[in-house]
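S.K.: sequence-free structure coming up:
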């Protein structure tokens, strides 16, 4: 019911500037929470993306307390295909991004955080590559510039970048780094995959996993398709949050789809979960190398066994007990 309401635009707080046509080439989905410092530059880059026929812009505000929504309204005035969803409660990043994903109408969806600056020609080049190879997913690299946001708002990527294509998307995601926002994914694949795992607060790890399970082909560009300006307050500084979300993205993926995966792939997903647990243990326990966490990690890395669920459930309970980790709110309602 909720997904049908989202698609129909009936969710409370949704503002649509006009009816959206069905021939949208790309839907941009941005989650927003207290980012007034970044938004003028982010929107300058976003609204001037090149090589697009009919883009759509979906903004999902997670109950910002600053002028974020006002800035979006001011800068998108007169622009077609704009949706601003103003929620009535703060739910977290994954649920917010899902609300945007299930409103999207474009052939492609490109997601971004509200402090991500997209080079002006990046989306057009990503679509060109996807169409050339028939790939459902396109990723690139990102760069932490340390610069003021407006100083990088009109950058472009060079024409001579290299890229790799793989037809087997899930092994590629497990073998590489595909976690920064800014990726381009075919809408039908992303929606069928269910978007981000709503049980995990940050979406970075779960979206590529879930989409790659269904995708035909993935491209990795050796070009910075996301520019990160000077950071003021970022969740990446909370290593407990990162370890927790990385663990649960793989834990839930294995729990949901493990019996449908090739055994080799399932073992790789298990290794990712065990590795996230080991990163936490190594940083936080006094004698980490004398724990079963280390030996489980070493065994998973050397021998690629199938999942030890008794061990994973113990690790999950430890992560769930951490007091400084943000949790999604209302995840069950969004299932």
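M.R.: Alright, I've got the coordinates. Predicted, not measured: the structure shown is a model, and the values here were computed from it.
S.K.: now the helices for the stretch 101-250 of the chain?
M.R.: Counting by DSSP state H, counting those that start in this stretch, the stretch 101-250 of the chain has helices at residues 122-133, 169-175, 187-192, 206-212, 239-257.
S.K.: now these in a markdown table, with distance to residue 315 and mean neighbour count?
M.R.: (Each C-beta comes from the backbone N, C-alpha and C, glycine too.) Supplementary listing: these in a markdown table, determined by distance: least, Cβ to Cβ, whole Å; neighbours: other Cβ atoms under 10 Å:
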| stretch | distance to residue 315 | mean neighbour count |
| --- | --- | --- |
| helix 122-133 | 36 | 19 |
| helix 169-175 | 19 | 20 |
| helix 187-192 | 29 | 19 |
| helix 206-212 | 17 | 27 |
| helix 239-257 | 7 | 22 |
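S.K.: Of these, give the one that comes closest to residue 155.
M.R.: helix 122-133 (9.1 Å; Cβ to Cβ).
S.K.: the longest strand in the protein is where?
M.R.: Longest strand of the chain, by residue count under DSSP state E: strand 218-228.
S.K.: Could you give the average pLDDT over that one?
M.R.: The pLDDT scores in strand 218-228 average 96.
S.K.: Ok, stretch 57-69 next?
M.R.: pLDDT averaged over stretch 57-69 gives 95.
S.K.: buried ones in that stretch?
M.R.: 57, 58, 59, 60, 61, 62, 63, 64, 68, 69 (16 or more other Cβ atoms under 10 Å).
S.K.: One more: stretch 312-324?
M.R.: Quick answer for stretch 312-324 (16+ other Cβ under 10 Å): 312, 315, 316, 318, 319.
S.K.: now the helices of the stretch 101-250 of the chain in a markdown table, with mean pLDDT?
M.R.: What follows is the helices of the stretch 101-250 of the chain, written out as a markdown table (pLDDT from 0 to 100):
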| stretch | mean pLDDT |
| --- | --- |
| helix 122-133 | 98 |
| helix 169-175 | 95 |
| helix 187-192 | 98 |
| helix 206-212 | 96 |
| helix 239-257 | 97 |
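S.K.: for those helices, which one sits closest to residue 43?
M.R.: It is, among those and with distance given as Cβ to Cβ, helix 122-133, at 14.4 Å.
S.K.: Which residues does the closest one contact?
M.R.: 25-26, 49-52, 108, 110, 135-138, 140, 156-157, 163, 165, 182, 184, 186, 217, 219, 221, 223, 225-226 (Cβ atoms under 8 Å, 6 or more residues apart in numbering).
S.K.: Buried ones only from these, please, as a PyMOL command.
M.R.: The following PyMOL line selects those of the contacts of helix 122-133 that are buried, judged by 16+ other Cβ under 10 Å:
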select buried, resi 25+26+49+52+108+110+135+136+137+138+140+157+163+165+182+184+186+217+219+221+223+225+226
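S.K.: Mark which of the contacts of helix 122-133 are part of strands, please.
M.R.: Counted as lying in strands by DSSP E, out of the contacts of helix 122-133, are 26, 108, 110, 137-138, 140, 163, 165, 184, 186, 219, 221, 223, 225-226.
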